[in-house]
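**Q** pasting the structure only:
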C-alpha cells in the first residue's frame with residue numbers, strides 16, 4: 001500500500017535520494033578540470049624564460065560541491081590563474097624573505113591599497129624580490145612610490161586563444177565534451193595576483209563572535225592560512241572612468257569559500273544547490289517594462305548560505321528535514337535584505353553587495369510571494385520532470401510521468417526515477433576511466449610536459465584518486481622516452497625524470513634557475529642516496545643512469 005505524501009515531502013525525498021555523495025574518482029568533471037589546469041601550467045608566458053608560468057586553481061562549483069545531483073551542477077569550468085612572478089601583500093607588511101616553491105626566482109611585490117569602495121583596491125609596486133642561489137631566501141629592492149599595476153591586459157600564454165571578456169573572467173568557448181554527455185564544457189579563466197596572507201580588509205572575520213561554532217577553529221585556521229587573491233575588475237561606478245577602470249582590482253575570497261562550502265553538511269550542500277538552481281532558472285530580474293536590470297547572482301546566494309550556516313543552529317537545519325521549507329525561509333531572508341537595501345559581505349565589514357542597479361522592489365516582491373506550495377510545485381515541474389529530458393532516461397519512466405494526477409502516482413514515478421539514477425551512477429567510473437585513457441596521452445602530445453606542469457597534474461590526480469597518479473606517471477615515462485628518441489635526453493627531460501623519480505620540485509626549480517655545477521652535483525648525490533642499498537629494478541636503473549647524467553651536466557657547467 002502506497003503512503004500518500006505531500007508534494008514538498010516528495011521533492012525532499014527525491015533530492016535527498018538523487019544528490020549522491022560523489023567521490024572525486026567518479027567525477028568526469030574533476031578529470032577535465034585537472035587536464036585543463038595541466039594545460040595552463042604548460043603554457044609559455046615568456047618565450048625567453050619558460051619558468052614564468054601561471055599557477056592554476058580550480059574554483060566555482062567544481063571545487064565547492066562534493067555532491068552529484070541528477071541534474072548537472074556545472075556550466076563552466078572556473079580556473080583562477082596567478083602568475084608566479086607577481087605577489088600582493090597587505091599594506092605596511094614587510095617584504096617576504098621566503099616564498100612557496102611555485103614562485104619564480106624574481107617576483108614583483110605589490111602593496112594592497114584601499115580604494116574609496118570597500119572590497120576594491122589598488123596594487124602599488126613596492127618591491128622586487130630576487131632569490132639567492134645559496135639559501136633560497138629572497139632579497140628585496142624597493143620601487144619608487146606611486147607606480148600601480150594595471151588590471152589589463154591579461155597574458156594568456158602561448159597557444160591559448162581568448163574568446164571574450166566578462167568581468168574578471170576570460171571565457172573560452174567549448175573546450176571538451178565528455179563521453180555520454182551532450183553539452184560541451186567551457187572554460188572561464190580568471191587572472192589574479194596571489195596574496196599569501198589574510199587581508200587587513202577582512203581582519204575582523206576570523207575573530208568575530210559565533211554562537212554556533214561554525215566554522216570551527218580548524219576550518220577558520222585553514223581559511224586564514226590560505227590568504228586571498230586580487231582579481232582585475234573595477235567597481236561598477238568606476239568602469240566608465242578611463243583611469244579608475246584600469247587601476248582598480250577586487251579582493252577575491254574564492255579560496256576561503258571553497259574551504260567553507262566543502263565543510264557544509266550534505267543537507268546544506270543540497271539546499272545550496274536548490275537555491276542556485278532556482279535563482280538561475282527563474283531569473284527574478286525581468287521587469288514589467290523590460291528595461292535593463294542586473295540579476296541576483298550566484299554570489300548573493302553563496303553569501304546568503306554562508307551567513308545562514310553561521311547564524312542558524314544545527315537543529316534549525318536538521319530538526320524537521322523539509323528542504324522546500326528551508327529554501328522558502330532563506331529566500332524570504334534574502335527578500336528582507338533587499339527590502340533594507342543591504343546584503344552584508346560575508347568577509348568584509350560594512351561592505352554592501354546590494355546596489356541601486358538591482359530592481360529591488362521587483363525581485364523582493366517575487367521572493368516574498370514564494371511559499372512552500374508554490375516552490376514544491378515549481379521543483380516538481382522545473383527540476384524533477386526536467387530529469388526526463390536527460391539523454392539516457394528510459395521511456396518506461398517517462399510514461400509514468402504522463403499521469404501524475406495524484407500524489408501517490410507522482411511518488412511512484414519519482415521512486416522509479418530514483419532507482420534508475422542509482423543504477424546509472426555505476427557507469428560513472430567506467431566513463432571517467434575512458435576519458436582519462438584517451439585524453440591524457442592526447443593532451444601530452446599537444447602540450448609537452450614541463451616539470452611545473454607535471455607537478456600540477458600530479459597534485460590534481462592525487463587529490464582525485466591515487467591510482468590516477470600511477471597511470472599518469474606511467475604515461476609520463478612513455479612521453480619522456482618518445483621525446484628522447486626525437487631530441488635526445490636534454491636538460492628539460494632530465495629534470496622531468498628526476499621529478500618523477502622522487503626529487504623535490506624545489507631542487508629541480510633551483511637547478512633550472514641557477515645552472516651551476518654545485519646544484520647539478522647535489523641532484524646527482526640525492527639520486528645516488530635514493531638508489532643506495534636497493535634491489536635491482538627498472539626504476540633503480542633509471543635513477544642510476546639519471547645520476548650519471550647529472551654528474552655529466554655538472555662537468556659541462558662553466559664554473
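**A** Received the coordinates, thanks. Worth saying up front: this structure is predicted, and the values here are computed from it rather than measured.

**Q** Show the residue spans covered by the helices in the stretch 101-250 of the chain.
**A** Taking DSSP state H, counting those that start in this stretch as the test, the helices found in the stretch 101-250 of the chain are 217-225, 242-247.

**Q** what about the longest helix in the chain?
**A** Criterion DSSP state H: the longest helix present in the chain is helix 466-487.

**Q** I'd like the distance from it to the chain centre, please.
**A** Using C-alpha atoms, centre = their mean, to the nearest Å, the mean C-alpha position of helix 466-487 is found 26 Å from that of the whole chain.

**Q** in it, what counts as buried?
**A** Under the neighbour-count criterion of 16 or more other C-beta atoms under 10 Å, helix 466-487 has 468-469, 472, 475-476, 479-480, 483 buried. In this view, the C-beta of every residue, glycine as well, is placed from N, C-alpha and C.

**Q** residues making contact with it?
**A** Defining contact as C-beta atoms under 8 Å, 6 or more residues apart in numbering, one finds that helix 466-487 is touched by 25, 31, 436, 440-441, 444, 448-449, 454, 457-458, 461-462, 493, 496-497, 500.

**Q** follow-up on the earlier one: and the helices of the stretch 101-250 of the chain: which comes nearest residue 306?
**A** Proximity to residue 306 (C-beta to C-beta) singles out helix 217-225 among the helices of the stretch 101-250 of the chain, at 11.3 Å.

**Q** how distant is that closest one from the center of its chain?
**A** What separates the centre of helix 217-225 from the centre of its chain is 18 Å, taken as C-alpha atoms, centre = their mean.

**Q** got it, and stretch 485-504?
**A** Remark: stretch 485-504 is offset 30 Å from the chain centroid, using C-alpha atoms, centre = their mean.

**Q** Likewise for stretch 331-349?
**A** How far stretch 331-349 lies from its chain's middle: 25 Å, per C-alpha atoms, centre = their mean.

**Q** helix or strand for residue 498, which one?
**A** helix 491-500 (DSSP states H and E).

**Q** In the sheet, which residues pair with the residue most central in space within the chain? Tell me.
**A** The centroid of the chain falls nearest to residue 59 when counting by C-alpha atoms, centre = their mean (1.6 Å). Beta-bridge pairing of residue 59, defined through DSSP bridges, involves residue 78.

**Q** Give me the distance between it and residue 250.
**A** As judged by C-beta to C-beta, to the nearest Å, residue 59 and residue 250 stand 14 Å apart.

**Q** go on, residue 534?
**A** In terms of C-beta to C-beta, residue 534 sits 52 Å off from residue 250.

**Q** dump the residue contacts of residue 377.
**A** By C-beta under 8 Å, 6+ apart, the contact set of residue 377 is residue 7.

**Q** Distance check, it against residue 130.
**A** For residue 377, the distance to residue 130 - C-beta to C-beta - is 65 Å.

**Q** With residue 542 instead?
**A** For residue 542, the distance to residue 130 equals 35 Å [C-beta to C-beta].

**Q** Check residue 38 too.
**A** Residue 38 is 29 Å from residue 130, where distance means C-beta to C-beta.

**Q** go on, residue 424?
**A** According to C-beta to C-beta, residue 424 and residue 130 sit 56 Å apart.

**Q** cool, and residue 374?
**A** Counting by C-beta to C-beta, the gap from residue 374 to residue 130 is 63 Å.

**Q** Comparing these two, which shows the higher neighbour count?
**A** Between residue 374 and residue 130, counted using other C-beta atoms under 10 Å, residue 130 has the larger neighbour count: 15 against 12.
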